[in-house]
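>>> I would like the atomic coordinates for the input below:
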Amino acid sequence: EVVSTQSTGGAPDTLTLRVHGTVIGPTFHFDTKCIKFGNVSYGFVNSKIITLFNTSDIVMRYRIRIPDDVHGKHVPGDKKGYSGANELDIAPNEGVLNPGHDQRLQVDFIPTNIGRYDKQLVVDVHGVGEAILSVPLTAKCI
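Numbering: from 1, shown residues only. Modelled structure (predicted):
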């Protein structure tokens, strides 16, 4: 509820305007419940295509990220001994999605550690909040 009180041009009474309403944020989803890379080889690029759908009646400005994807491990062939690069890359990782439209996203994964990967890909929506939607991302590097 928004209330605005205003006096007008010397009139003895004030005018009050009350507005009631509900704010509805964007509704959206991916075309998959989980991004499964399966068994992958160390140091090789693996790619998956996913689609983000804006099912709402409003424009949505988004950013997609993997919250804990900064490994800072040694990568073979890296002369400095520290790459600092992410193992996962999402393209495009941000954009504006009009109502009823969708965006194809490419998720590239280059594992730099042997073992199991269980991560979350999250969507932040400008003006709404962070990690509004997440989808699990799994892999096993052998």
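>>> contacts and neighbour counts: CA atoms only from here.
Noted.
>>> bridged to Val107, which residues?
Legend: beta-bridge partners of Val107 under DSSP bridges are Lys48, Ile90.
>>> now do it against Gly25, distance only.
Using CA to CA, to the nearest Å, Val107 is found at 26 Å from Gly25.
>>> for the chain, what spans make up the helices?
Remark: no helices are assigned in the chain by DSSP state H.
>>> which residues are in contact with the most centrally placed residue in it?
In the chain, the residue lying closest to the centroid (CA atoms, centre = their mean) is Val123, at 2.0 Å. When contacts are counted by CA atoms under 8 Å, 6 or more residues apart in numbering, Val123 touches Tyr62, Arg63, Ile64, Arg65, Glu130, Ala131, Ile132, Leu133, Ser134.
>>> skipping its backbone neighbours, what lies nearest it in space?
Distance criterion CA to CA, 6 or more residues apart in numbering; nearest residue to Val123, sequence neighbours excluded, is Ile64 at 4.6 Å.
>>> tell me how far that neighbour lies from Phe44.
23 Å.
>>> more neighbours: these two, which one.
Ile64 (22 against 13; other CA atoms under 10 Å).
>>> residues of the lengthiest strand in the chain that come out buried?
If you go by DSSP state E, the chain has its longest strand at strand 129-141. Judged by neighbour count (16 or more other CA atoms under 10 Å), strand 129-141 contains these buried residues: Ala131, Leu133, Ser134, Val135, Leu137, Thr138, Ala139, Lys140, Cys141.
>>> with distance to Gly21 as extra columns, can I get these in a markdown table?
Shown next, in a markdown table, are the buried residues of strand 129-141 (distance: CA to CA, whole Å):
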| residue | distance to Gly21 |
| --- | --- |
| Ala131 | 25 |
| Leu133 | 25 |
| Ser134 | 28 |
| Val135 | 31 |
| Leu137 | 38 |
| Thr138 | 41 |
| Ala139 | 45 |
| Lys140 | 48 |
| Cys141 | 51 |
